[in-house]
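>>> can't give you the sequence, but here's the structure:
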């Protein structure tokens, strides 16, 4: 492995080596290349696998080291000592030999930079020094003290310098609880250990040695200016008392970073978009304002390492920070340089140190410079894989691998709570390693925020969640994890100190619940648990895990044990392969909660929105300027001003104001009452939260609507519109997407108002639902009221008790929704929504038109017959007509022919109502069909014909087509009937009227479909029969009254006969019109009698009589029906109602039956008598005719029966009908026996 790496990059310039061999560190310019280019070498022989990839480096191109002459005195400072060098770049800390000193938050700096790796694919993030210290535990007597944090499946390890902490706590009082705990349990007689003179001597010698080794002419650059030195010195963890002789570490020269936003980030070489300060808030990629101000950045949350390396050791993935100086050049592309005291042999600990350093940094060789008392003696080169076999420092790499796996398993099994700070501690000289949960210990004290790690951990949790949210393609399956991260983040922070992160985290939590997506079925909605063994829970209970490995020992101090989360009894156990397995099953609760219904999902969203709003509001300082409002008191809602507003007219003004406001929104103006500055994080965050709440309320309203809970739906849409109103007040630049939401909200509001209007009977329940408010809603409303009066949509959301105003409000809502679509290019972008709005607008205008039409009809009904049309009626007609007209226009503009036809049909009905209103203007006796009536009926006809034209053919919509046809037929029929019954003889000639009646009747017949089988078929048949009957009567009447033109008389006779026979046929088909059938047949008989009067010959008269009697015989069917119904009536008990007949015909009109029966009896008697007379006289004149004799006999017999029956006046109606039926049967029998001729 080593050989080919050398060959590949031996003489090449450093950049090439970096690209090909992956051994050298990338230069500043290359540090932004994708990390994949740094392909790692597998070092460490065949026993262990190790691979390192440099993720990011701030080191300059590697310089060859200068071999010092023998006898060089390292105690003397070199010329360039502590001067900044272009070759060193920002690696000043390294050159100072300060690399052993790890900062308390160093892992967080790295985690912030490589947020992608955290929580997911990396097991450990730490300084290489900490990792070395952990792996040396079984070999070393020295103490170990580390803070451990869990983020997802990643552990962050940081040195917890107890001595330094306690020094600080004596000044700040920060960690007093830990100090007491430490003194009580671990080290009763704790005191600060002074570092020896030897320590400082070794440090100085190393520093001078490294400066000597820089290959160069020693030309020193000037010492950095004060300004450049200030920042690093504040973050340098070495107190001045300790290192007065050690100036602050060098910072990156200003020339390296052009970007002003990066300059505050110290040595971070990343692009500004990766910097700590920029936190993305949501999947929409709206970058929130910087989360940390510079004060927080200088807490040490910077990534100070020269190199960040992704190191894979066996199966452990680690993100490691290293400051080890690496030299190159000549035959050695990369070497590490070490200074050794010749008098002290190398030991195991040093060997492990050197070996791990080289593995982590992918350095294949080690160069050791030996000195005696600071005088250089000799150099020695050792390959990395040979280090474990050096004499005096033999160690097994396999054992190191086992130690690494055991420690990781031990930590992963026991550091289970995200957001908690764990403390791994081994006292100096002790064999026992203990793990404490400092967060739990801290919570037992007064102040839970005393832990300095709280803020960095919370921020990291937040950033990891943000990062996961940004990855749209796969974030659904991580929603459970994101939610857990955010909940833990919020749990850690103090609301008053960190309102921005809390608001942002709550907003992101609300974003996790997709409101606008339909809920998917089954498991796809609940994201998968990728690593159920590695998942974690924010509400993990403390369980006394007696590990099978017996990790709880009986320690000398039992009070200590109950504080520790876990204990390694003896460091020796760490060397046993797989002694500690990550067997501890952590409850996988990061599955995303599955909300079973929409309401639950929206309520969750609103709870997060409310928390976010509270955070934002609490951070706005101008509290004193606001009127104090108590969130628990409901906001008074104005219901009573309905009367003062004056119904629909008042609406017009409010609509005008609203549209005016919408117009000004396009230009952009912001009017926050609470004094938020546009562009501030509060302003941006509140806008997002308010928009989210409006969406949630809209979904809730929609859900309530589908459950027919209209009062609740109106309350929710009111909240949605109040949220939106506040959004409009705050917003400086209205997005078209948000305008579309508003259009949708108003459309739904219109639907709700319309449904409330149509469900007036349940008004009390709706009102109760509307007035109910949850505490959460009140608090959200309270937050909205801080910014605006929320009255912008009051006109749309009041629950009125008046039907007219409800319909008007509904219409105005749709109009407003439509107006909004006209503002920007929304109409063309959302054609479906536009069509829906127009459809609804047409529909509600139809409703309003019908409402006014019915009111006009009611007024007409109340008016006395002789009175003329009132102004109020005419006003209602105008309103109704205007609504229909606009509605028709709405439907025609979206090519909805069916609905347009229905509205045209309603307009026709309105015209008929207008016509009817003009009919009662005169006295009933003098009444004539007026020209106004004619005008309106003709208009009605026009509208019906337009409706048919709109439909085109019956196939488009058969039901509507049939309905329009029926209405058209009715209109023609009504016109004809009125002209016939109230003939306008003062204006027109009789013939003219007859012609018009005849034409209208025939048109009515044309549109009356008697053949299609439908529910309306009997009606059509009845109508057609009536038309034929009326026409026949008209022609019959003409015949009687006309003299002269014989041709015309003949024509009328034929027409009368034709229509009578058609009417009779149709009435016979109907089971519920016996009286009508009877009347037609009686008229036919009268018609025959009238013809008989003009006949002279007996033969002709007999023939006509015979035909008339035939007609009489055929009325038997009608009498059978009448008898059946009369008998059914008799069977019914007195109190009960008559059972409906087969086709639910109404009960018989008894008076009419009696009247018709009397006429029938008299006419039958007359016909029989005439027949007897004629037959008798013909018998005298001529020889006997057997046939005529039989008829004469029958007729005489029947006549006598009739006379007897009619003589008895007390006979019941049923019996009288029975007699007639019997008589008719006999007559029929007699005539068929005699072969009597008849007419059809």
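Looks like it arrived, so ask away. Since we're looking at a predicted model, the values are computed, not measured.

>>> just checking, residue 432 touches residue 426?
Yes - Residue 432 lies in contact with residue 426 (CB atoms under 8 Å); the separation is 7.0 Å. In short, each C-beta sits where N, CA and C put it, glycine included.

>>> Which one's more surrounded, the two?
residue 426 (22 against 17; other CB atoms under 10 Å).

>>> Hmm, the more buried one is touching residue 407, no?
No - between residue 426 and residue 407 there is no contact under CB under 8 Å: 11.3 Å.

>>> Quick check: neighbours shared by those two?
Counting by CB atoms under 8 Å, 6 or more residues apart in numbering, the shared contacts of residue 426 and residue 407 are residue 137.

>>> any idea which element the closest residue in space to residue 338 that isn't next to it in sequence lies in?
Closest residue to residue 338 apart from its sequence neighbours, by CB to CB, 6 or more residues apart in numbering: residue 368 at 4.9 Å. Counting by DSSP states H and E, the element that carries residue 368 is strand 365-372.

>>> next one: that strand to chain centre, how far?
Mean-position distance between strand 365-372 and its chain equals 68 Å (CA atoms, centre = their mean, to the nearest Å).

>>> buried ones in that strand?
Neighbour-count burial for strand 365-372 flags 365, 366, 367, 368, 369, 371 (criterion: 16 or more other CB atoms under 10 Å).

>>> can you redo the residues you listed as a markdown table with distance to residue 322 and pLDDT?
Below are those laid out as a markdown table (distance: CB to CB, whole Å; pLDDT from 0 to 100):
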| residue | distance to residue 322 | pLDDT |
| --- | --- | --- |
| 365 | 17 | 89 |
| 366 | 15 | 89 |
| 367 | 17 | 89 |
| 368 | 19 | 89 |
| 369 | 20 | 90 |
| 371 | 25 | 91 |
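
>>> Just name the closest of those to residue 771, please.
Residue 771 has its nearest neighbour among the buried residues of strand 365-372 in residue 366, at 81.0 Å by CB to CB.

>>> hang on, the earlier thing: pretty sure the residue nearest to residue 338 is touching residue 387, no?
No - checked against CB under 8 Å, the pair residue 368 and residue 387 is beyond contact range at 10.5 Å.

>>> host element of the closest residue to residue 77 other than its chain neighbours?
Excluding the flanking residues, the one nearest residue 77 by CB to CB, 6+ apart is residue 208, at 5.6 Å. If you go by DSSP H and E, residue 208 is part of helix 197-213.

>>> about what we covered before: mutual contacts of residue 432 and residue 426, please.
Going by CB under 8 Å, 6+ apart, residues that sit against residue 432 and also against residue 426 are residue 571.

>>> list the contacts for the residue nearest to residue 338?
So residue 368 contacts 338, 339, 340, 379, 380, 381, 382 (CB under 8 Å, 6+ apart).

>>> one more time with 7 Å
338, 340, 379, 380, 382 (CB atoms under 7 Å, 6 or more residues apart in numbering).

>>> For those residues, could you give me CSV that also reports secondary structure and neighbour count?
Converted to CSV, those look like this (DSSP: H, G, I helix; E, B strand; the rest coil; neighbours: other CB atoms under 10 Å):
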residue, secondary structure, neighbour count
338, strand, 21
340, strand, 15
379, strand, 14
380, strand, 11
382, strand, 20
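
>>> ok, so of those residues, who is nearest residue 1129?
Comparing those against residue 1129 with CB to CB picks out residue 338 as the nearest, at 123.6 Å.

>>> Isn't residue 1098 up against residue 1178?
Yes - with contact defined as CB atoms under 7 Å, residue 1098 reaches residue 1178; the gap is 5.8 Å.

>>> Give me the buried positions along stretch 964-982.
For stretch 964-982, the neighbour count (16+ other CB under 10 Å) marks 964-980, 982 as buried.

>>> And the contacts of that stretch?
Stretch 964-982 is contacted from outside by 901, 905, 908, 912, 927-929, 933, 937, 940-941, 944, 947-948, 993, 996-997, 1000-1001, 1003-1004, 1007-1009, 1016, 1023, 1027, 1030, 1034, using CB under 7 Å, 6+ apart.

>>> List the ones among those that fall in helices.
Under the assignment DSSP state H, the contacts of stretch 964-982 contribute 901, 905, 908, 912, 933, 937, 940-941, 944, 947-948, 993, 996-997, 1000-1001, 1003-1004, 1023, 1027, 1030, 1034 to helices.

>>> can you give me the strands in the stretch 301-450 of the chain?
Assigned strands in the stretch 301-450 of the chain, in chain order: 307-313, 316-322, 326-327, 335-341, 365-372, 375-383, 421-426, 433-437 (criterion: DSSP state E, counting those that start in this stretch).

>>> nearest to residue 716, of those strands?
strand 421-426 (43.1 Å).

>>> Identify the residues contacting the closest one?
Under CB under 7 Å, 6+ apart, the answer for strand 421-426 is 137, 143-149, 160, 415, 432-439, 451, 453, 565.
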